[in-house]
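*Asks:* coordinates only, sequence not included:
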């Protein structure tokens, strides 16, 4: 939201409502009074105050990558622009040479690089596949009731259950930026741990979404850090869950030029990337 327009019995009350709407503090916004309040005559014709409250110019970045994007897909357009600017082929031979180089470069970039963070990663090879499990039964029941055609595998280890989902409807289970997948994982964890004295960690994944998402967020963090360093202006990401914010913070924790912080209240808490002071 770029701004919020609110009415109130006076200007301060209208501003208060707008701040609540934007979830910002008074020093983070600019206030424009659109209509002054009026009491009218003998209570007739009274008017409310109307204000427009706009966040100050801290650039807010809407998250661009989607789950299907590999890290290379984010970097490729930037590299293409640099190459076009620095290398202008003057004849057919040079054009063919550059074309072959681009094919080689794209082939190299399509190879997925493993994450360097190793945050809460699950090595499924160390787990044992099972055919019957409380979490598996719950997952099959809930997805069948949703009318989804899915293949679900369950693997267990010490204090852990890992569910892997595949099939043509897996995108529905993932949802926008993994929101549905996180919700299903939360519900499954509640079911599994309801009567257990020892906590069991439940991880629900679909089409290797979580590792892809982690690599995508790492690439996003590095790209935005470079943008902050170049423009010398902070950027604010869209709201993320705690685990995804942790990925952004961890990716940039050793960056010599920028620092990160979180602001706002759940579930609207955001990461801000800014220059080190």
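*Replies:* In hand now; what should we look at? Here the structure is a predicted model, which means the values were calculated and not measured. Residues are numbered from 1 along each chain as shown.
*Asks:* my read: residue 185 touches residue 201, true?
*Replies:* No: here residue 185 lies out of contact with residue 201, judged by C-beta atoms under 8 Å, at a distance of 10.2 Å. Heads up, the C-betas are built off the backbone N, CA and C, glycines and all.
*Asks:* ok, what's across the strand from residue 166?
*Replies:* In this structure, residue 166 bridges to residue 151 when assessed by DSSP bridges.
*Asks:* Pull the contacting residues for it.
*Replies:* By C-beta atoms under 8 Å, 6 or more residues apart in numbering, the contact list for residue 166 reads 150, 151, 152, 153, 206, 207.
*Asks:* Give me the pLDDT for it.
*Replies:* The predicted structure scores residue 166 at 94 on the pLDDT scale.
*Asks:* Please report phi then psi for residue 149.
*Replies:* phi -100, psi 100 (degrees, to the nearest 10).
*Asks:* Can you tell me how far it is from residue 235?
*Replies:* Distance, residue 149 to residue 235, using C-beta to C-beta, to the nearest Å: 40 Å.
*Asks:* Any stretches of the stretch 101-250 of the chain with poor pLDDT?
*Replies:* Within the stretch 101-250 of the chain, the stretches falling below the threshold (pLDDT under 70) are 101-122.
*Asks:* For it, just list every one of the helices.
*Replies:* Using DSSP state H, counting those that start in this stretch, the helices of the stretch 101-250 of the chain run over residues 134-145, 170-174, 179-193, 209-231, 242-252.
*Asks:* For the second one, name the packing helices and strands.
*Replies:* Going back to what we said before, that points to helix 170-174. Helices and strands in packing contact with helix 170-174 are listed as helix 179-193, strand 201-206; criterion 3 or more C-beta pairs under 8 Å, 6 or more residues apart in numbering; DSSP states H and E.
*Asks:* The longest one packs against which elements?
*Replies:* Helix 179-193 is packed against helix 134-145, helix 170-174, strand 201-206, with contacts defined by 3+ C-beta pairs under 8 Å, 6+ apart.
*Asks:* please redo it, this time with the cut-off set to 10 Å
*Replies:* The elements that helix 179-193 packs onto, with contact taken as 3 or more C-beta pairs under 10 Å, 6 or more residues apart in numbering; DSSP states H and E, are helix 134-145, strand 160-166, helix 170-174, strand 201-206, helix 209-231.
*Asks:* So which residues make contact with it?
*Replies:* Contacts of helix 179-193 with the rest of the structure, by C-beta atoms under 10 Å, 6 or more residues apart in numbering, involve 67, 133-139, 141-143, 146, 161, 163, 165, 170-175, 178, 199-206, 209-210, 213, 241, 243-244, 267.
*Asks:* Make a ChimeraX selection of whichever of these turn out to be buried.
*Replies:* Of those, the buried ones can be selected in ChimeraX as follows, counting by 16 or more other C-beta atoms under 10 Å:
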select :67,133,134,135,136,138,139,143,161,163,165,170,172,173,174,178,200,202,203,204,205,206,209,210,213,244
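*Asks:* Just give the nearest non-adjacent residue to the most centrally placed residue in the chain, would you?
*Replies:* With distances taken as C-alpha atoms, centre = their mean, residue 240 lies nearest the centre of the chain, 4.9 Å away. Counting by C-beta to C-beta, 6 or more residues apart in numbering, residue 271 is the residue found nearest to residue 240 once chain neighbours are left out, at 6.5 Å.
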